[in-house]
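Asks: Everything below, folded, please.
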Amino acid sequence: EVQLVESGGGLVQAGGSLRLSCVASGFTFDDYSMGWLRQGPGSERVAVSCISSGDGSTHYAESVKGRFTISSDNAKNTVYLQMNSLKPEDTAVYYCAAASGPLCHLLPYGSRGQGTQVTVSS
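Replies: This next block holds a predicted model:
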């Protein structure tokens with residue numbers, strides 16, 4: 001059974017930073033692309049960033065490019081999202097997601113964690 005457990009959310013002032021972590025279990029981490037999705041108040045869930053299995057290529061939504069960095073530690077089955085220069089519009093529940101295969105930006109992310117709340121105050 002795929003399990004994804006996020007942590008690291010919280011309340012931060014605009015301009016601040018947070019690092020989200022997601023510990024994965026129940027599957028072969030090396031074979032899966034990992035992503036971060038978010039859902040803001042009254043909004044649909046959208047992709048934020050992902051990292052592909054195999055070559056480790058990364059992708060970012062335009063709204064977070066240059067501010068967020070995704071990384072993974074395969075030895076720890078963990079994916080991270082470093083978020084810098086946070087803005088109030090980054091306020092959302094952030095979900096970790098997993099999908100089998102490479103080309104992370106093309107995959108449907110059927111497995112998601114419970115989410116962690118990120119609130120950015122102005």
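Asks: ok, and for stretch 11-26, which residues are buried?
Replies: Of all the residues in stretch 11-26, those buried under the rule 16 or more other Cβ atoms under 10 Å are Val12, Leu18, Leu20, Ser21, Cys22, Val23, Ala24. To be clear about C-beta, it is placed using only N, CA and C from the backbone, and glycine gets the same treatment.
Asks: What about those, which are in strands?
Replies: Of these, the ones assigned to strands by DSSP state E are Val12, Leu18, Leu20, Ser21, Cys22, Val23, Ala24.
Asks: For the chain, which segments count as strands?
Replies: Using DSSP E, the strands found in the chain span residues 3-7, 10-13, 18-25, 32-39, 45-51, 58-60, 68-73, 78-83, 92-100, 111-112, 116-121.
Asks: Would you format those as a markdown table with mean pLDDT included?
Replies: Formatted as a markdown table, those follow (pLDDT from 0 to 100):
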| stretch | mean pLDDT |
| --- | --- |
| strand 3-7 | 97 |
| strand 10-13 | 98 |
| strand 18-25 | 98 |
| strand 32-39 | 96 |
| strand 45-51 | 96 |
| strand 58-60 | 97 |
| strand 68-73 | 98 |
| strand 78-83 | 98 |
| strand 92-100 | 96 |
| strand 111-112 | 90 |
| strand 116-121 | 98 |
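Asks: Thanks a lot, catch you later.
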